[in-house]
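**Student:** Sequence and predicted structure, then a few things I'm wondering about:
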Amino acid sequence: MPQYTYRELKPTPEAEAIYRRWLAQLNEEFGRHQSVDRRSEIVRDELYQIYIGKPHGGRTQATLNSELASYTLAENFDPRNVTLEPEYYGDIDAEKYALRKPLIWFWQMFDRSPLGLNHWLGFRFRCMLGHHIFKSLGKGVKIFHNVEFTYGYNLTIEDNCVIHKNVMLDDRGGIILHEGTSVSDYANIYSHTHDINVQADVTNKPTELGPRARITYHSTVLAGANIGENAMLGAMALATKPLQPGVVSVGIPAKVKREKKPSEQS
């Protein structure tokens, strides 16, 4: 069987220069400013330009009832005027999350903007933000659009991981994607569970994948169901317990279908 590797694609030189300048400027700004207010202002101003197409000119007098929707849109660009689901959770480290929240909102709004499907720019934009959000982010990582995570500060992504579109990484209890791990479209990785009788009784369990694990389409890994090195979880499968290295597991709940040959484990 032939092997097809990712092609190397680029925008025009003029566009690439603009993209790189923008990313470098944002990276410098977020590195320099470690306050919620300043980060929120930066995100507000950038989102205003992305969606409205002109610089933010400061708050206007919201006097016309016929333009209330426009005023609401403008206020919604400011992360301080938005509440996100993880903020409601009782186990949140409010101080850690508050500093990351503007960047998480920027990530989500970028993905929903006209820029979000530009993969060349998107890979670099998300990794730039990831270095300021995640516990650790390695080299050569590709993160596609509409990937969501819970807190961010409990998420470790090692070198050369690929996370495809519409993946959920629930890092409440901690997630580690070891080197070379691939998570396919619409997969869900969890690190917390609820008591069967008392929903508010939450148990956090760290979840680790890899190295070089493959979590395929629409599959789910429950909290603590670690996926071993070179193991593969089949499409739409449900991992309820750890998978040993080098196995291929399928079904609900996932059961070992076969073991990879040594020549396949690379």
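**Tutor:** Arrived safely.
**Student:** pLDDT below threshold where in the stretch 151-266 of the chain?
**Tutor:** 262-266 (pLDDT under 70).
**Student:** Nearest spatial neighbour of Pro11, chain-adjacent residues omitted?
**Tutor:** Excluding its sequence neighbours, the residue lying closest to Pro11 (C-beta to C-beta, 6 or more residues apart in numbering) is Trp120, at 5.8 Å. Placement of C-beta: from N, CA and C, glycine included.
**Student:** now swap in Asn204 and tell me
**Tutor:** Nearest residue to Asn204, sequence neighbours excluded (C-beta to C-beta, 6+ apart): Gly173, at 3.0 Å.
**Student:** hmm, back to that, quick one: the residue nearest to Pro11 and His145, what's the gap?
**Tutor:** 12 Å (C-beta to C-beta, to the nearest Å).
**Student:** Give me the more crowded residue out of those two.
**Tutor:** His145 (19 against 14; other C-beta atoms under 10 Å).
**Student:** shouldn't that one be in contact with Lys165?
**Tutor:** Yes. Counting by C-beta atoms under 8 Å, Lys165 is a contact partner of His145 at 5.3 Å.
**Student:** for Ile175, what are its contacts?
**Tutor:** 154-156, 169, 189, 191, 206-209 (C-beta atoms under 8 Å, 6 or more residues apart in numbering).
**Student:** Now tabulate those residues in JSON lines and tack on distance to His178.
**Tutor:** Below are these laid out as JSON lines (distance: C-beta to C-beta, whole Å):
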{"residue": "Asn154", "distance to His178": "15"}
{"residue": "Leu155", "distance to His178": "13"}
{"residue": "Thr156", "distance to His178": "9"}
{"residue": "Leu169", "distance to His178": "14"}
{"residue": "Ile189", "distance to His178": "13"}
{"residue": "Ser191", "distance to His178": "15"}
{"residue": "Pro206", "distance to His178": "12"}
{"residue": "Thr207", "distance to His178": "11"}
{"residue": "Glu208", "distance to His178": "7"}
{"residue": "Leu209", "distance to His178": "6"}
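**Student:** Please pick the buried ones from those residues.
**Tutor:** If you count burial by 16 or more other C-beta atoms under 10 Å, the buried members of these come out as 154-156, 169, 189, 191, 207-209.
**Student:** Cross those against strands and list the overlap.
**Tutor:** Using DSSP state E, the members of these that fall within strands are 155-156, 169, 189, 207-209.
**Student:** tell me which element the nearest residue to Leu68 once chain neighbours are set aside falls in.
**Tutor:** Leaving aside its sequence neighbours, Leu68 sits nearest to Ala62 (C-beta to C-beta, 6+ apart; 7.0 Å). Under DSSP states H and E, no helix or strand contains Ala62.
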